[in-house]
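Asker: Provided below for reference: sequence and predicted model.
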Amino acid sequence: MNSVQTLSFGIREYLSPVLKNSKFKETGCITPEEFVAAGDFLVYKCPTWKWESGEVSKRRDYLPAEKQFLITRNVPCFRRVKQMEYTEEDSETQIETENGEEAWVATHSGRVVANIEEIVQQIEGEDEEIIKRNSIVLEPENDKEEVDIPNIEDIPDIEDVEDGLVEEEDPATLATTSNVVVSSHDDGPSDKILQVRTYDVFITYDKYYQTPRMWLYGYDEHRRPLTSVQIFEDISQDYAKKTVTIETHPHLNMSLASIHPCRHAQVMKKIIEKMNEEALKKFELLQQQYGNSPNSPQAEQAQVRVDQ
Amino acid sequence: MSSNPLLQFVTFSSAVEATFWHTLSTRKIDLYKLDDTSHDILGYYSTGRTVISQHATEANISMPAHLCLGTGAFDDANAESFSRLPPFSYPSIGKIKNTNTIEDFKSLEKTSLFKEITEQIWQDIISGEAIKNPCLITRFLLVTFADLKKYKYHYWFGFPALLTEPPWNVAENGQIKSIGDSWESNEIESFRENYDLFRQKQSGANAGFFLVRKSSNNEVMIGSLSEWDTFFESCNDNERIVGFADPSSLPMNPGWPLRNLLVLLQRHWNVHKIKVLCYREIPGKKDISQTRILTVEIPETTSISDKCPKSVGWEKNPQGKLGPRSADLAPLMDPTKLADTSV
């Protein structure tokens, strides 16, 4: 699924207007200026993304000081692998019946089957979708382990401190259990607060490969950082330690999971070709599909993009 | 009035970014060394968010009310550092006490530290400082011990909320409505636009708490707390609305910041009943449909003395008990462990 991710971000770049006269179309590579322009476009379209400057000592002079890399924080990750597989099939069937067309095969590798709607959805900035569809999900078993078996070292600490502190009973505080808060009300299904895994997602510019590069930093339900082992468990074994590796962030003193950019350019090039052939047709279909509904950001964005 | 249900608030859930721990380590080594005095830190929160289920059978999923600490947490709290906070977030100023040893961490007088912050909030309310600078009422406490050799961090957050006796009720038999059920769509649109303008004009510190009233031509006006007297001059009591950026995402429960706001209102303007707008947006989507509106009240006879009220708000640990949490960053910071995973 990582390729889809790569694709989605690639398309973001592709569609941003300044890239027209670059060698991007021939090679799939971008210049730092194009990276900044594409990032500006992303921030404009999806304002949950933000430019950051990172560590001063690690600043790259070919990028503006305040625009070293992009970040979006606290992206929730709701579903577990099993649920997600179901959803994936679910949505695909839907699309096939609606469009009457076969899903779109996205890459040369043949590992990933994506359809344009999925990609548009990702472009559209539904960040949780990106995560959801990228298999960055822990197995439920691991989950449980994390919750039920706290680090053995911690137990005495916690109990020691606990003794010293008592808090007033307060009826105005909504009672919480460790994982889920359920609020009762009459209409419809009950709402609950779900402590979910969250991710910080970074996009940096990789000078060597001349492409953007994706980084992921995950936290468990209790905001404890996920370990690299946990992260590799989350990532499809096709990619773990191959396409996705743990490396040092170019602008932060921190190591995190990254999608290796060595094939970004190639993939991008493929996409461009595919886009040229199929994009217009597909976007038109989308527009028809959503054109009548007032709440159709996809259609709106598709329109903007096709115009460009 | 006795039939009105009690208003229950959703607590903050702490959310510390890994880069914060890294910055803390660096500062501990290079700057603080063995000095363990408290320092100001800058946190932030965003409005609550519910993911509406696509299937009728599934429950909607609400995100916790996160209070976050990031890389910029050690910057001075000023307009410039506020502007560096993530988009659509609101600042919250806290105090960090980082101990030198795990023993210090355990034996620390946490209750008195918590009380200190409570006092600060109370003083800012009494002096009126909190009216000019409302983010002061969301002050929080963080006690930490950083085990630098093991890249392990023990921490405990406290979010003091002043207690009112008796607690606030939800008036009108506990009705809490969505903005769409309470207002006309042109009013909602007018509110959204005016609030956006208000937020741009204010420094980040003041945008999280505001006043709302409807003008005669269906426009919805926004004002800052310091404008209370002039802003509500022509209003009846029941036309006054006070709004706040609400980190809670539950339909029937507002978030923690409202607690101290209500104390502030009661103290300064003798408010015993008021309409509250719990502002919740989907960032970047111009969608505020999850915003809730309710009326809260306490008995007219309730008065508030000069004495600092009691407070609650220690965060519970993952086991659901009062106790510290810990974050283990060794896998992603320890050079020896990193070597194992590199390819």
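Answerer: Thanks, I have the structure now.
Asker: From here on, just use CA atoms for contacts and neighbour counts.
Answerer: Will do.
Asker: Point out where chain A drops to low pLDDT.
Answerer: Under the criterion pLDDT under 70, the flagged ranges of chain A are A:1-22, A:78-164, A:176-194, A:233-234, A:236-241, A:278-280, A:282-284, A:286-308.
Asker: Kindly recompute the last result at 80.
Answerer: Where chain A drops to pLDDT under 80, the residues are A:1-27, A:76-166, A:168, A:175-196, A:227-243, A:253-254, A:268, A:270-308.
Asker: residue contacts, B:Phe159?
Answerer: Counting by C-alpha atoms under 8 Å, 6 or more residues apart in numbering or on different chains, B:Phe159 touches B:Phe12, B:Thr138, B:Arg139, B:Phe140, B:Leu141, B:Val312, B:Gly313, B:Trp314, B:Glu315.
Asker: and what of B:Pro160?
Answerer: B:Phe114, B:Ile117, B:Thr118, B:Thr138, B:Arg139, B:Phe140, B:Ser311, B:Val312, B:Gly313, B:Trp314.
Asker: thought B:Leu69 was touching B:Val16?
Answerer: Yes - using C-alpha atoms under 8 Å, B:Leu69 is in contact with B:Val16, at 4.8 Å.
Asker: Can you tell me which residues in the stretch 1-150 of chain B are near chain A?
Answerer: B:6-11, B:14-16, B:18-19, B:22, B:56-64, B:86-88, B:106-107, B:110-111 (C-alpha under 8 Å from any C-alpha of the partner chain).
Asker: Could I get the buried residue list for stretch B:96-109?
Answerer: Within stretch B:96-109, the residues scored as buried using 16 or more other C-alpha atoms under 10 Å in any protein chain shown are B:Ile96, B:Lys97, B:Asn98, B:Thr99, B:Asn100, B:Phe105, B:Lys106, B:Leu108.
Asker: Now for the residues you listed: which two are most distant?
Answerer: Within these, B:Ile96 and B:Lys106 form the most distant pair, 15.3 Å apart (C-alpha to C-alpha).
Asker: rewinding a little: among B:Leu69 and B:Val16, which residue is more densely surrounded?
Answerer: B:Leu69 (24 against 20; other C-alpha atoms under 10 Å in any protein chain shown).
Asker: For that one, grab phi and psi.
Answerer: The phi/psi pair for B:Leu69 (degrees, to the nearest 10) reads phi -130, psi 130.
Asker: any weak-confidence spans in chain B?
Answerer: For chain B, the ranges with pLDDT under 80 are B:1-3, B:51-61, B:71, B:76-80, B:203-205, B:301-303, B:331-343.
Asker: now do 50
Answerer: Flagging of chain B using pLDDT under 50 yields the residue ranges B:1, B:341-343.
Asker: all helices of it, in order?
Answerer: For chain B, helices defined by DSSP state H occupy the ranges B:18-27, B:79-83, B:102-107, B:110-127, B:129-132, B:171-174, B:179-182, B:185-201, B:204-207, B:228-231, B:257-269, B:330-333, B:335-341.
Asker: Could you identify which of these is most buried?
Answerer: helix B:204-207 (a mean of 24; mean count of other C-alpha atoms under 10 Å in any protein chain shown).
Asker: list the helices and strands that one packs on?
Answerer: Judged by 3 or more C-alpha pairs under 8 Å, 6 or more residues apart in numbering or on different chains; DSSP states H and E, the packing partners of helix B:204-207 are helix B:79-83, strand B:89-99.
Asker: Format those as a markdown table; extra columns: distance to B:Gly323.
Answerer: Converted to a markdown table, the helices and strands packed on helix B:204-207 look like this (distance: least, C-alpha to C-alpha, whole Å):
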| stretch | distance to B:Gly323 |
| --- | --- |
| helix B:79-83 | 30 |
| strand B:89-99 | 16 |
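Asker: quick one: which of these is nearest A:Met275?
Answerer: Of the helices and strands packed on helix B:204-207, the one closest to A:Met275 (C-alpha to C-alpha) turns out to be strand B:89-99, at 36.2 Å.
Asker: Return the list of helices and strands in contact with that closest one.
Answerer: If you count contacts as 3+ C-alpha pairs under 8 Å, 6+ apart, strand B:89-99 packs onto strand B:39-46, strand B:140-147, helix B:204-207.
Asker: quick one, what contacts the residue nearest to B:Arg49 when sequence neighbours are not counted?
Answerer: Excluding its sequence neighbours, the residue lying closest to B:Arg49 (C-alpha to C-alpha, 6 or more residues apart in numbering or on different chains) is B:Ser249, at 4.9 Å. In this structure, B:Ser249 makes contact with A:Ile193, B:Thr47, B:Gly48, B:Arg49, B:Thr50, B:Ser62, B:Met63, B:Pro64, B:Ala65, B:Gly255, B:Arg280, judged by C-alpha under 8 Å, 6+ apart.
Asker: Which of these sits closest to B:Pro134?
Answerer: Lowest distance from B:Pro134 to the contacts of B:Ser249 (C-alpha to C-alpha) belongs to B:Gly255, with 15.4 Å.
Asker: partners of the closest one in the sheet?
Answerer: B:Gly255 has these beta-bridge partners by DSSP bridges: B:Val10.
Asker: Show me what the nearest residue to B:Glu239 once chain neighbours are set aside is bridged to.
Answerer: Leaving out its chain neighbours, the residue that sits closest to B:Glu239 by C-alpha to C-alpha, 6+ apart is B:Arg213, at 6.6 Å. Beta bridges link B:Arg213 to B:Met221 when assigned by DSSP bridges.
Asker: How many neighbouring residues does B:Arg213 have?
Answerer: Look at B:Arg213: counted by other C-alpha under 10 Å, it has 20 neighbours.
Asker: Next: A:Pro32.
Answerer: Around A:Pro32 there are 18 other residues, counting by other C-alpha under 10 Å.
Asker: Can you name the residues that contact it?
Answerer: A:Tyr62, A:Leu63, A:Tyr205, A:Lys207, A:Gln210.
Asker: most surrounded residue in those?
Answerer: A:Tyr205 (23 neighbours).
Asker: Isn't it up against A:Pro64?
Answerer: No - between A:Tyr205 and A:Pro64 there is no contact under C-alpha under 8 Å: 11.9 Å.
Asker: what sits against the residue nearest to B:Glu239?
Answerer: B:Val220, B:Met221, B:Ile222, B:Phe232, B:Cys235, B:Glu239, B:Arg240, B:Ile241.
Asker: who's in contact with the fourth one?
Answerer: By C-alpha under 8 Å, 6+ apart, the contact set of B:Phe232 is B:Arg213, B:Arg240.
Asker: quick one: it and chain A, what's the gap?
Answerer: 29 Å (C-alpha to the nearest C-alpha, to the nearest Å).
Asker: Check the third one too.
Answerer: As for B:Ile222, its distance to chain A is 23 Å (criterion: C-alpha to the nearest C-alpha).
Asker: cool, B:Tyr45 as well?
Answerer: Separation of B:Tyr45 from chain A (C-alpha to the nearest C-alpha) stands at 11 Å.
Asker: Once you drop chain neighbours, what's closest to that residue?
Answerer: Distances taken as C-alpha to C-alpha, 6+ apart put B:Leu67 closest to B:Tyr45, at 4.9 Å, once the chain neighbours are dropped.
Asker: Would you confirm that the one you found contacts B:Gly48?
Answerer: No - here B:Leu67 does not reach B:Gly48: they are 11.0 Å apart, not a contact under C-alpha under 8 Å.
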